[in-house]
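A.B. asks: Show me how the following folds:
(chains A and B)
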Amino acid sequence: MAEEEDDPGFDEDLDDGGNGVDSGQGKRKRLFSKELRCMMYGFGDDQNPYTESVDILEDLVIEFITEMTHKAMSIGRQGRVQVEDIVFLIRKDPRKFARVKDLLTMNEELKKTLKAFDEANYGS
Amino acid sequence: MADPARVRPEAGRPEPGEGSCSSTSSEPAAKPLSVMMDLSVLQRSAAAAAEEEEEEGSSSLHPSPAKKLKMEHDKKKEKRQKVDEDEIQKMQVLVSSFSEEQLNRYEMYRRSAFPKAAIKRLIQSITGSSVSQNVVIAMSGISKVFTGEIVEEALDVCEKWGDKPPLQPKHMREAVRRLRSREQSPNTKHKHILFH
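C.D. replies: Down below sits the predicted model:
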């Protein structure tokens, strides 16, 4: 009789106040299912983790990335996300900070090595 | 090259050559002091000649602050490279003694990663403008550490509650709750209002 809730899924969308990205987290296609499963196994879970747990993790990761992006947009150069902003936001967390520094350093070294390799090949 | 499997804070190295205080927040405070004490003895003889050219040298005994910091960084870098090599060796010994299941798990741990394309699409859909490749690399790296923290905490919770893996949603939720209370996980539900 009371048609307040036509469709729970529809209501969820409105409640989330979502645009295309965060509308109804249950409805969005799963972005990282395969990779997350491998990652969970690598970090200590069972070889076949529960799908619900993988879903929860994916939602958490997407929330984390979204939050980081919003924060990065609000500091430094407005409206853009730059590496310096991410490093600044992460400064309090030693693990993540060390990881970012490592990754960026390795990337630089890799680029330098590849460039030197290319030049050597091109020269000869 | 640094071993990415290391998660301890000493992996963060200060940039060489920068005179300002660029060391990471997690470095122990005692180390620079002892290193500097060693250095000052060495530097007294070595820097005495260079001293005359430097305008910043306050006295003939102490090299200028910038030079002292640079030598400290160089010496630290040497020490850290040696520690790196030691650690790489130890890792090799450890990995060679893994059982097959452990090897599998270790391989998954090292190789698993978030797809860069999906992350880039996600970030760009939020910012509305394009982002550089470094941002995508940094973001996927941090996300992996983030999932690692949650899974480890959830395994702790699981063990504490006497359950067994595979992890169940209740473990994950409890893990997230704990991380949030320790402020290791972002929490936008509660706004901290400083002054009413």
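A.B. asks: Look up phi and psi at the residue of chain A found nearest chain B.
C.D. replies: Here chain A gets closest to chain B at one residue, residue A:42, 3.3 Å apart by CB to the nearest CB. (C-beta placed from N, C-alpha, C; glycine too.) Backbone geometry at residue A:42, expressed as degrees, to the nearest 10, gives phi -60, psi -30.
A.B. asks: which residues touch it?
C.D. replies: Contacts for residue A:42 (CB atoms under 8 Å, 6 or more residues apart in numbering or on different chains) come out as B:105, B:106, B:107, B:108, B:109, B:110, B:111, B:112.
A.B. asks: one more time with 10 Å, if that's ok
C.D. replies: B:104-112, B:144, B:147-148, B:151 (CB atoms under 10 Å, 6 or more residues apart in numbering or on different chains).
A.B. asks: May I see the buried residues of the lengthiest helix in chain A?
C.D. replies: Scanning chain A for the helix with the most residues, using DSSP state H, yields helix A:94-123. By neighbour count on 16 or more other CB atoms under 10 Å in any protein chain shown, the buried set for helix A:94-123 is A:94, A:95, A:96, A:97, A:98, A:99, A:100, A:101, A:102, A:103, A:104, A:105.
A.B. asks: Are there helices or strands packed against it, and which ones?
C.D. replies: If you count contacts as 3 or more CB pairs under 10 Å, 6 or more residues apart in numbering or on different chains; DSSP states H and E, helix A:94-123 packs onto helix A:83-90, helix B:133-160.
A.B. asks: Show me the shaky parts of chain B.
C.D. replies: Scanning chain B for pLDDT under 70 picks out the ranges B:1-62.
A.B. asks: ranges for the helices of it?
C.D. replies: Under DSSP H, chain B gives helices at B:30-51, B:65-96, B:100-111, B:116-127, B:133-160, B:169-181.
A.B. asks: most tightly surrounded among the ones you listed?
C.D. replies: Ranked by mean neighbour count, the helices of chain B are led by helix B:133-160 with a mean of 20 (mean count of other CB atoms under 10 Å in any protein chain shown).
A.B. asks: what angle separates it from helix A:94-123?
C.D. replies: When axes from the mean of the first three to the mean of the last three CA atoms, to 10 degrees is applied, the directions of helix B:133-160 and helix A:94-123 differ by 140 degrees.
A.B. asks: near chain A at all, helix B:133-160?
C.D. replies: Yes: judged by CB under 10 Å from any CB of the partner chain, helix B:133-160 and chain A are in contact via B:133-152, B:154-156, B:158.
A.B. asks: any idea how far residue B:71 is from residue B:79?
C.D. replies: As judged by CB to CB, to the nearest Å, residue B:71 and residue B:79 stand 13 Å apart.
A.B. asks: In terms of helices and strands, where is the residue most central in space within chain A?
C.D. replies: Centroid check for chain A by CA atoms, centre = their mean gives residue A:65 as the closest residue, at 4.3 Å. Per DSSP states H and E, residue A:65 falls inside helix A:51-74.
A.B. asks: That helix close to chain B?
C.D. replies: Yes: applying CB under 10 Å from any CB, one finds helix A:51-74 in contact with chain B at A:52-58, A:60-73.
A.B. asks: ChimeraX command for the buried members of those?
C.D. replies: Buried subset of these, written as a ChimeraX selection, criterion 16+ other CB under 10 Å:
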select /A:53,54,55,56,57,58,60,61,62,63,64,65,66,67,68,69,71,72,73
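A.B. asks: what's the burial count for residue B:189?
C.D. replies: 6 (other CB atoms under 10 Å in any protein chain shown).
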